[in-house]
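Novice: Just a sequence and a predicted model for now, questions to come.
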Amino acid sequence: MEDLKTLVERAKKLGATDAKPIRTDVVAVRNWVRLKCRYGCGGYGKRFTCPPYSPTPDETRKVVQEYTWGVLSMFKGFPRISIHKFAFEMERTAFLMGYHAAFAFASGPCDLCTECNIKEGFCRHPRMARPAMEACGIDVFTTARNAGFPIKVVTSREETPTFYSLLLVV
């Protein structure tokens, strides 16, 4: 549990507004979530970290069940660090702490490149690219609420959005 506290501290140093250890049984994986990507997101099929290239909800559900603990990080407003770079840094930190199976999810379309290399058929940043939670079927709203974090639908540009990243550890 001490290592999880260290990871929470690292998340905050990297720019998360808040972070906390969570049991993975609070992570909600739902089949309908990817439909929101397919029918509602202009990025569908345009990034290797998004559907149809990202893991399916069934694959994600199986992977999440292999873990017991994770760290959920919250960002109020647009973070100073790319959430995809943040996810990579969190996973790398956990790996270097001895958690060889650590895996992180970002949120939203990958922003490591201005345009994804889909046409050429390979990712330019495979070491850093991580799928978005929602791209893999994770219901971010339910997961955040299950973990005790605030989250609501943003209904205007005047409202401050909240973003999340999930690190699976053990």
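Specialist: Happy to help now that I have it. The shown structure was predicted, so the numbers you read here are calculated from the model rather than taken from an experiment. Residues are numbered from 1 along each chain as shown.

Novice: Output the helix or strand of the chain with the lowest mean pLDDT as CSV, restricted to C-alpha atoms.
Specialist: Of all helical and strand segments in the chain, the minimum by mean pLDDT, DSSP states H and E falls on helix 33-38, at a mean of 93. C-alpha atoms of helix 33-38 as CSV (Å, rounded to 0.1, in the frame of the first residue of the first chain):
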residue,chain,number,x,y,z
VAL,A,33,-19.1,2.8,-24.2
ARG,A,34,-17.4,2.0,-27.5
LEU,A,35,-20.6,2.8,-29.4
LYS,A,36,-20.2,6.4,-28.2
CYS,A,37,-16.8,6.4,-29.9
ARG,A,38,-18.2,4.8,-33.1
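
Novice: buried ones in it?
Specialist: 33-34, 37 (16 or more other CB atoms under 10 Å). In this view, the C-beta of every residue, glycine as well, is placed from N, C-alpha and C.

Novice: try stretch 43-56
Specialist: Neighbour-count burial for stretch 43-56, counted by 16+ other CB under 10 Å, picks out 43-44, 47-51, 54-56.

Novice: go on, stretch 62-79?
Specialist: Using 16+ other CB under 10 Å as the test for burial, stretch 62-79 gives 63-64, 67, 69-75, 79.

Novice: Report the distance from stretch 129-144 to the chain centre.
Specialist: With CA atoms, centre = their mean, to the nearest Å as the basis, stretch 129-144 stands 6 Å off its chain's centre.

Novice: Ok, stretch 153-166 next?
Specialist: 15 Å.

Novice: quick one: buried residues of that stretch?
Specialist: Quick answer for stretch 153-166 (16+ other CB under 10 Å): 162-166.

Novice: about what we covered before: now flag whichever of the buried residues of stretch 43-56 is closest to Arg23.
Specialist: Arg23 lies nearest to Pro55 out of the buried residues of stretch 43-56, by CB to CB, at 20.7 Å.

Novice: The least confident helix or strand of the chain: what's the following helix or strand?
Specialist: The element immediately downstream of helix 33-38 (helix or strand, assigned by DSSP states H and E) is helix 57-65.

Novice: Report the separation between Leu4 and Val169.
Specialist: Note on Leu4: its distance to Val169, by CB to CB, to the nearest Å, is 7 Å.

Novice: Of the two, which one has the most company?
Specialist: Between Leu4 and Val169, counting by other CB atoms under 10 Å, Val169 is the more crowded of the two (23 against 19).

Novice: helices or strands next to the longest helix seen in the chain in the packing?
Specialist: For the chain, the helix with the greatest residue count under DSSP state H is helix 83-96. In terms of contacts (3 or more CB pairs under 8 Å, 6 or more residues apart in numbering; DSSP states H and E), helix 83-96 is packed against helix 2-13, strand 69-76, strand 103-105, strand 162-168.
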